[in-house]
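Colleague: structure for this input, please:
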Amino acid sequence: KISELNSELASLEQSVNQLHARDNSFYRSILDKDPISTGIWNGGTGGTANLENASDPEVLVEAEKTLDVLKHKIALQGKSFDVLVKTWAGRQNELAHIPAIKPVPGRLISGFGMRMHPIQLIRKMHTGIDMEARTGTKVHATGDGIVKFSGVKSNGYGIHIDVDHGFGYVTKYAHLSKLIVKQGQRVKRGEVIGLSGNTGLSKGPHLHYEIVKDGKKINPIDYFYKDVDPQSYIKLRKEALVENESMD
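Modeller: Numbering: from 1, shown residues only. As a prediction, this is how the structure comes out:
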């Protein structure tokens, strides 16, 4: 029974660590807060009185150690979120422009990183994420901004839209079947800007979505904070880490 508990605690700690990673890489980044150092994050390893009892089975000692660390991390993460919420309240205009929702409701097909290209049949960098979307699915702007490009280029993206959100952020929505907004048009988060499709260098109907920050393409997964609860985010992040074949 204690062995089962150890497994559950280890799984829970992994989930807390993933939320901490999102805190450091996303929330603290956009709110200009220094990340929590690894030393502080892992510092809650102090023992309890029970750990000194030599009669305790080793498996029980391990459970108490894990629980001790977990309590420390949860308390620390709670304090971190309290600080971020206060900072967040004073920056609503800026935050309305930052990409924050899923552009389509479908599941994740392929994540950001090295992936096998389905057409070129080589392993290469996949600079965005592929999301399930039947042809004609409504595609939503993920933050307020101005349409930087709306059309077709000979770059493999097919019909696509680029939105400049300001503050160094640009998003791309590729392989569309229809454009709804024009270049220079102002859009709001959640507004329908196009319909998904299968244009350009694409294996099948889906939406390819990218985020560029200060000229560098980054992983969009951490930017689904408006419409994804912590449990769904953890599941989504695990799916994104799978090195499968991309759709484009």
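Colleague: going by C-alpha atoms from here, please, whenever you check contacts or count neighbours.
Modeller: Will do.
Colleague: which residues of this structure score low on pLDDT?
Modeller: For the chain, the stretches with pLDDT under 70 are 25-27, 29-32, 44-57, 59, 89-90.
Colleague: which stretches of it form helices?
Modeller: 2-22, 28-30, 38-41, 58-89, 92-97, 230-240 (DSSP state H).
Colleague: what packs against the longest one?
Modeller: Other elements packing on helix 58-89 under the criterion 3 or more C-alpha pairs under 8 Å, 6 or more residues apart in numbering; DSSP states H and E are helix 2-22.
Colleague: put the alpha carbons of the helix it packs on into CSV.
Modeller: C-alpha atoms of helix 2-22 as CSV (Å, rounded to 0.1, in the frame of the first residue of the first chain):
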residue,chain,number,x,y,z
ILE,A,2,2.9,2.3,0.9
SER,A,3,4.5,1.5,-2.5
GLU,A,4,1.3,2.5,-4.3
LEU,A,5,1.4,5.8,-2.2
ASN,A,6,5.0,6.4,-3.3
SER,A,7,4.0,6.1,-6.9
GLU,A,8,1.1,8.5,-6.5
LEU,A,9,3.3,11.0,-4.7
ALA,A,10,5.9,10.8,-7.4
SER,A,11,3.3,11.4,-10.0
LEU,A,12,1.9,14.4,-8.1
GLU,A,13,5.4,15.8,-7.7
GLN,A,14,5.9,15.5,-11.4
SER,A,15,2.7,17.5,-12.0
VAL,A,16,3.8,20.2,-9.6
ASN,A,17,7.2,20.4,-11.3
GLN,A,18,5.4,20.9,-14.6
LEU,A,19,3.4,23.8,-13.2
HIS,A,20,6.5,25.3,-11.8
ALA,A,21,8.2,25.0,-15.2
ARG,A,22,5.3,26.9,-16.7
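Colleague: and it with helix 58-89, angle?
Modeller: 20 degrees (axes from the mean of the first three to the mean of the last three C-alpha atoms, to 10 degrees).
Colleague: can you list contacts of helix 2-22?
Modeller: Contact partners of helix 2-22, identified using C-alpha atoms under 8 Å, 6 or more residues apart in numbering, comprise 59-60, 62-63, 66-67, 70, 73-74, 77, 222, 230, 234.
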